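J.: from the sequence below, what's the structure:
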Amino acid sequence: MMKILKTGLLLSALSIFLLSCKTSAQSSTIQSVTYSETFGRGGATSVTATKDSLEASARGGKMSEFPSFKKKMSSKDWQKLISGLDISLLEATKSGERRGLYDGSDEIFRIKTSEKEYEFYNVPAESAGYKQLEQLKKALNNLVSQNKQ
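T.: You can find the predicted model right below:
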């Protein structure tokens, strides 16, 4: 009888431990990624991707070359897009100085997870997440160019 109680207690403790543990992938599922570029008074462009859609928009200035659309996102493209993002590296990423306040241009990244929303302005090359954000920007721009009307 005592052996059964000890085994049950041990299994219960192990179950609680396993259920309370979350991997970073479980606890922070990426829901959307956005890359925006502002050009002071010259306008702005923005690309937002979610698991089901890709949306590009431009406003102001001479943005006629930048397409504006909303299309369905394939799960293959979505997985390819987010596979290079490491949430723990985003935690260590620092924004640079905002230039838009002085009519300069800004690069803005927004990454929304189920747990938190990250926003970065003009990330310096020496910052932890710079390379992965640059890859994200290239991937989003490639998707936009593939979906031009």
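J.: what secondary structure does S46 sit in?
T.: Here S46 takes the strand state, with states given by DSSP: H, G, I helix; E, B strand; the rest coil.
J.: hang on, it packs against S32?
T.: No - counting by C-beta atoms under 8 Å, no contact exists between S46 and S32, whose distance comes to 11.8 Å. Heads up, the C-betas are built off the backbone N, CA and C, glycines and all.
J.: can you pull the pLDDT of the most centrally placed residue in the chain?
T.: Computing the C-alpha centroid of the chain and ranking residues by C-alpha atoms, centre = their mean puts I111 first, at 3.0 Å. What the model reports as pLDDT for I111 is 96.
J.: and it, what is it in contact with?
T.: Under the criterion of C-beta atoms under 8 Å, 6 or more residues apart in numbering, the neighbours of I111 are I30, S32, V33, T34, L85, L90, E117, Y118.
J.: can you name the residues bridging to it?
T.: Partner residues in beta bridges with I111: V33, Y118, with DSSP bridges as the criterion.
J.: on that earlier part again, more crowded one of S46 and S32?
T.: Shown here are S46 and S32; by other C-beta atoms under 10 Å, S46 has more neighbours (19 against 16).
J.: the more buried one and N141: what is the separation?
T.: Computed as C-beta to C-beta, to the nearest Å, the S46 to N141 distance reads 12 Å.
J.: next one: T48
T.: Using C-beta to C-beta, one gets 13 Å for the distance from T48 to N141.
J.: what is the burial count for T93?
T.: T93: 19 surrounding residues under other C-beta under 10 Å.
J.: touching, it and Y130? I think so.
T.: Yes - distance between T93 and Y130: 7.4 Å, which falls inside the contact criterion (C-beta under 8 Å).
J.: what touches both of those two?
T.: Where contact means C-beta under 8 Å, 6+ apart, the residues bridging T93 and Y130 through contact with each are V123.
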